[in-house]
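Colleague: Predicted model and sequence follow; I will ask about them next.
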Amino acid sequence: MNVLIITPPLVQLNAPYPSGAYLSSFFKSLGHKATWLDLSIELVHEIFSRRGLEHLFALTEKKAMEKAKTAESQGDEETARNLRRYVLQSELWINWIDDMMNILTDGNGTSSREICHKFMFSPNVPRGARMENYIESLDREPNADDCRNLATMALADLADYITVVFDREFSLVRYAESITVNETSFSEIEKSIDSPVLKEFYSRVLERTVGSLNIEENTLVCISVPFAGTFTSALFTGRWLKEKFGNRFFISFGGGFINTELREIKDKAFGKYADAISYDRGYGSYKNLLDLGVFDGNFSNPLYKMTLLNPEIKCAEHKNSGYEKFENQMTESIVPDYSNIDFSKYPRVADDINPMQRLWSDGAWMKAYLAHGCYWHRCAFCDTTLDYVSSYKMTSIENLYKGLSFQLDEHKVRGIHFVDEAMPPKAMVKFADLALSEKKNYSWWGNIRFEKVYTRDMADFMAAGGLIGVSGGIEIATGSGLDSISKGTDINSIVKACCAFKEAGILVHAYMIYGYFGETEQDTINSMETLRQLYEAGLLDSCFWHKFVLTRHSRIYSEWKEGKYPDLKPVEPKNAGIFAKNGLHFEGENRLAKFGDGLNASLQAWMHGEKLSMSVNKWFDFKTPSPSIPKDFIENAIALYEAERNSDWGKIPSIEKCRWLGGKIMQDGRHILWSYMQEEYRSKLPEGKDGIQKEFLDALDCLKCEKFNPDTMKNFLAKNPEYEKIFRKLRGSGLVEI
């Protein structure tokens with residue numbers, strides 16, 4: 001079977017969305033011919049290129065000047081000036097766009113460093129408002145090292161121009177997201193399909209990529225719809241394929257947004273764009289479809305997790321032990337396949353100076369997961385009834401590491417973003433161990449749960465094995481708040497994890513929520529104060545506040561239907577968009593909305609090391625309760641962590657669990673010297689023969705990951721117990737117990 005996998009625009013700029021990689025691997029494992037096209041990055045290059053900007057300005061110059069004239073007549077001189085400037089500098093934009101994209105893609109294919117100097121300082125370059133604001137915000141003289149940031153601002157400036165004068169739904173990361181979320185009928189959504197960007201630019205992409213494949217045989221097409229902002233372009237893609245290839249293409253939609261919002265489909269018009277909808281992971285549903293014959297039409301019974309749309313809607317069957325078992329087996333063994341991806345095409349944008357914030361956009365990350373689903377899956381606010389959270393399945397870490405390592409080396413990419421709901425700690429340790437054993441210098445990061453399992457030793461080990469950052473949910477940073485959302489952790493455990501990560505040099509990001517059902521103003525202020533203290537103590541690098549949204553697939557909604565939470569009163573929407581059914585309103589949901597601006601403003605300051613000692617109450621222009629938690633709340637939690645860490649380091653560790661990370665050791669008489677985490681250490685050896693001292697160093701060397709043999713050290717210490725003290729003293733300076 002010929003299979004075509006498509007990622008429609010627009011998703012993250014700097015890395016391909018991983019669903020295509022997993023589907024590609026899946027179909028190939030069954031012996032099918034699979035091709036993955038990331039049309040999101042193709043559209044980016046179609047627009048942001050010499051040819052693209054020539055077309056854009058030809059289409060928009062007249063309208064831009066008219067809008068400038070209107071703005072000027074209304075006294076808006078700044079808008080008028082900016083609009084005219086785009087048109088007057090259009091030749092500069094056209095001439096520079098390829099160089100700007102080359103700067104953002106690390107000069108792949110063409111040297112870019114030399115042009116950076118001219119781009120920063122020459123008066124003969126294009127400038128937009130964001131670019132000027134960036135330069136003016138610097139507290140020093142600009143230099144060529146600022147070029148990536150300036151090129152990022154240039155793309156944002158051009159995106160602003162496109163939104164104002166060409167297509168109001170355009171965004172660098174999402175396209176027409178508001179239409180999908182807000183419109184009340186499918187017919188209204190259909191009206192947006194022929195929008196300017198899709199009609200004038202995306203159609204070119206489809207013709208250049210899919211049209212050039214000269215596909216003659218019957219083909220199964222899988223279109224991934226991960227976000228609301230990819231749905232309109234997915235519809236455009238489906239329609240284009242049907243018009244060009246007719247019944248030779250069987251088109252199926254799937255992906256995160258479909259799984260969350262479209263589990264029930266009633267509008268027959270959707271059949272004009274797709275033939276089926278696949279839910280959840282897709283392995284079981286596509287296996288069922290292939291077993292019956294995609295083009296045979298032998299679908300008398302419902303398919304496993306697949307709704308058929310043509311000729312009539314036939315809803316999915318969500319229970320089938322055989323295909324469920326197959327799906328779980330695939331989940332364990334599958335390794336994402338990035339062979340169709342050219343990572344040099346992906347711009348590494350620099351939109352924030354905060355180092356943790358930069359991880360999302362700056363770097364060519366190969367995305368994968370260590371485990372499907374969440375090993376906790378009990379948080380009350382989370383979509384715990386859906387497969388992507390509830391169906392926890394580990395992968396084979398050895399198999400995953402081997403497959404990713406080969407592809408990383410092949411593509412000359414050094415980074416992995418694990419997209420787990422929460423990376424399992426044991427899997428993280430195993431992955432780090434494999435990287436250390438092969439001395440591979442990879443960088444990887446992902447989402448975790450802040451739990452007490454994370455010790456300083458574990459953090460040190462994972463950092464040595466490539467872990468550079470973690471993100472995790474704190475949500476409501478109070479004891480009662482954590483209990484109310486069934487987070488399954490406590491403040492001391494959160495602090496312990498953050499301390500361990502930060503001491504190991506690992507960046508830390510936290511997700512916060514406010515406005516949760518039952519949350520009081522006192523809860524919000526206390527959570528904010530705890531967050532301030534975490535920043536003041538240096539335990540966090542970045543955060544994000546989310547306004548709580550009640551969802552149909554959450555645990556709290558399921559329990560409400562069972563009669564719990566009588567005070568929770570969901571409001572069924574009267575005119576909800578057909579793809580916005582998961583999110584629900586509830587009575588009193590906006591009680592705490594007034595806190596939003598202050599929470600976000602404080603966070604922006606704290607993330608950049610500013611105003612950390614200012615009272616949290618001063619961030620609001622209305623009266624708020626004073627924090628009721630102690631000023632030394634986090635300090636005391638840190639002291640508990642340090643006492644526990646030091647106590648652990650004072651004990652004789654289990655040698656089978658020990659690893660030596662301290663690198664090379666030099667002997668200087670009876671002293672040994674080594675360097676660990678940028679510090680130099682010196683320790684005195686017991687008296688004895690030089691041979692015994694060397695034997696100790698050799699045994700220590702056998703605790704390195706690449707030659708791990710703990711029996712050597714066990715036998716040595718059994719014969720030379722006087723060395724137990726020196727062995728124990730190595731804790732915290734290179735010897736870890738994992």
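Modeller: Cool, the structure landed.
Colleague: For the nearest residue to S527 once chain neighbours are set aside, what are phi and psi?
Modeller: Spatial nearest neighbour of S527, excluding adjacent residues (C-beta to C-beta, 6 or more residues apart in numbering): A477 at 4.3 Å. Where you see a C-beta, it was placed from the backbone N, CA and C, and this is true even at glycine. The phi and psi values for A477, taken as degrees, to the nearest 10, are phi -90, psi 60.
Colleague: And for T105?
Modeller: phi -100, psi 30.
Colleague: and the nearest residue to it once chain neighbours are set aside, which of the three is it?
Modeller: Take T105 and drop its neighbours on the chain: the residue closest to it by C-beta to C-beta, 6+ apart is P347, 5.4 Å away. Taken by DSSP: H, G, I helix; E, B strand; the rest coil, the conformation at P347 corresponds to coil.
Colleague: Next, count neighbours for P347.
Modeller: Counted with other C-beta atoms under 10 Å, the neighbours of P347 add up to 26.
Colleague: thinking it is in contact with V44, fair?
Modeller: Yes. Here P347 reaches V44: they are 7.4 Å apart, a contact under C-beta atoms under 8 Å.
Colleague: overlap in contacts of these two?
Modeller: Common neighbours of P347 and V44 are listed as L13 (criterion: C-beta atoms under 8 Å, 6 or more residues apart in numbering).
Colleague: For K244, which residues are in contact?
Modeller: K244 touches 210-211, counting by C-beta under 8 Å, 6+ apart.
Colleague: picking that back up, check what pLDDT the residue nearest to S527 gets.
Modeller: pLDDT, A477: 96.
Colleague: how much space between it and Q357?
Modeller: 20 Å (C-beta to C-beta, to the nearest Å).
Colleague: out of these two, which sits in the busier spot?
Modeller: Taking neighbours as other C-beta under 10 Å, A477 and Q357 compare with A477 leading, 25 against 20.
Colleague: What distance do you get for the more buried one to E421?
Modeller: For A477 relative to E421 (C-beta to C-beta), the value is 20 Å.
Colleague: Also W545?
Modeller: 20 Å.
Colleague: same deal with T551?
Modeller: 15 Å.
Colleague: Compare neighbour counts for the two and give me the winner.
Modeller: Comparing T551 with E421 by other C-beta under 10 Å, the one with more neighbours is E421, at 24 against 20.
Colleague: pretty sure the more buried one is touching D387, no?
Modeller: No. The criterion here is C-beta under 8 Å, and E421 misses it with D387 at 11.2 Å.
Colleague: Quick check: neighbours shared by these two?
Modeller: G373.
Colleague: where does S112 land on pLDDT?
Modeller: So, for S112, pLDDT stands at 86.
Colleague: for G734, that is, sorry about that
Modeller: We have a pLDDT of 97 for G734.
Colleague: which residue ranges form the helices in the stretch 301-450 of the chain?
Modeller: 321-333, 355-361, 387-390, 397-411, 425-437 (DSSP state H, counting those that start in this stretch).
Colleague: one step back: cross-check the contact I'm expecting between the residue nearest to S527 and T530.
Modeller: Yes. Using C-beta under 8 Å, A477 makes contact with T530 at a distance of 3.8 Å.
Colleague: list the residues that contact both of the two?
Modeller: I491.
Colleague: got a list of what the nearest residue to I334 once chain neighbours are set aside touches?
Modeller: The shortest distance from I334 to any non-neighbouring residue, by C-beta to C-beta, 6+ apart, is to S25 (5.4 Å). Counting by C-beta under 8 Å, 6+ apart, S25 makes contact with 334-337.
Colleague: Distance check, S25 against I251.
Modeller: 21 Å.
Colleague: next one: G481
Modeller: Distance from G481 to I251, by C-beta to C-beta: 45 Å.
Colleague: likewise G538?
Modeller: 51 Å.
Colleague: and if you look at S339?
Modeller: The gap separating S339 from I251 is 23 Å, by C-beta to C-beta.
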